[in-house]
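A.B. asks: Turn this into a model:
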Amino acid sequence: MSRRTLSLDDTLLADVQEHTAREHPELAKLREFTAGHPRAGMQIAPEQGALP
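C.D. replies: Numbering: from 1, shown residues only. Next up is the predicted model:
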C-alpha cells in the first residue's frame, strides 16, 4: 500500500498535503482494511485520491 507519492520530495509533499482536501475518515478505514489484500499494492496514496 502506498502511503505517499514517491515522486515528490518531502517539502512538496507537505505542501500538497497542507493545501488539498483531507482524507475522509471512512476512506482511511477502508484503505487500512484493504491493506492486507493481495493487490493492495495497487492502492494510491491519500494525497492522490484527494485530487479532483
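A.B. asks: And the strand or helix carrying Gln48, what does it pack against?
C.D. replies: Using DSSP states H and E, Gln48 maps to helix 46-49. Under the contact criterion of 3 or more C-beta pairs under 8 Å, 6 or more residues apart in numbering; DSSP states H and E, helix 46-49 touches helix 10-19, helix 25-34. Every C-beta, even on glycine, is put in place using the N, C-alpha and C of the backbone.
A.B. asks: which of the residues in the first one are buried?
C.D. replies: I take that to be helix 10-19. Across helix 10-19, burial judged by 16 or more other C-beta atoms under 10 Å covers 13, 16-17.
A.B. asks: average pLDDT for the helix holding Gln48?
C.D. replies: What helix 46-49 shows for mean pLDDT is 77.
A.B. asks: could you dump it to CSV, C-alpha only?
C.D. replies: Output of helix 46-49 as CSV, limited to C-alpha atoms (Å, rounded to 0.1, in the frame of the first residue of the first chain):
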residue,chain,number,x,y,z
PRO,A,46,-4.1,9.5,0.1
GLU,A,47,-3.0,12.8,-1.4
GLN,A,48,-3.5,11.4,-4.9
GLY,A,49,-7.0,10.3,-4.0
